[in-house]
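Peer 1: one predicted model, sequence on top.
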Amino acid sequence: MYYPNGSIATVKLEPKSKYFKLTLLSLTNRKGIDVVEWGPVHTNINNLLGEIIGVARDTSATVNYAIGTVSYSYA
């Protein structure tokens with residue numbers, strides 16, 4: 001992924017049985033970058049939304065599924 005400020009991010013996309021995992025492998029030209037954020041992730045789920053923790057869930061009997069994000073920080 002190339003960005004207007006000249007940064008280049010290398011991201012690994014790993015499909016799992018019920019989700020996929022994104023891993024930031026490298027980020028060049030990091031000057032001024034303190035945080036990497038995935039998203040926004042747009043969905044058509046409008047039943048329950050957790051803006052702060054990045055979860056959307058439809059609890060209706062016909063759908064009954066959720067999507068969300070988990071982030072880790074490494075020093």
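Peer 2: Noted; the coordinates are in hand. Quantities reported herein were computed from a predicted structural model and do not represent experimental measurements.

Peer 1: residue contacts, Leu13?
Peer 2: By CB atoms under 8 Å, 6 or more residues apart in numbering, Leu13 lies in contact with 20-22. Backbone N, C-alpha and C define where each C-beta goes, glycine included.

Peer 1: in a markdown table: those residues, plus distance to Tyr2.
Peer 2: Supplementary listing: these in a markdown table, determined by distance: CB to CB, whole Å:
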| residue | distance to Tyr2 |
| --- | --- |
| Phe20 | 22 |
| Lys21 | 22 |
| Leu22 | 17 |
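
Peer 1: list the buried residues in stretch 57-69.
Peer 2: For stretch 57-69, the buried set under the neighbour-count rule, 16 or more other CB atoms under 10 Å, comprises 57-58.

Peer 1: now, the contacts of Leu13 that are in strands?
Peer 2: 20-22 (DSSP state E).

Peer 1: okay, now the unreliable bits of the protein?
Peer 2: Within the chain, the stretches with pLDDT under 70 are 39-55, 68-75.

Peer 1: can you do 90?
Peer 2: Low-confidence regions of the chain, defined by pLDDT under 90, span residues 1-6, 13-24, 29-75.
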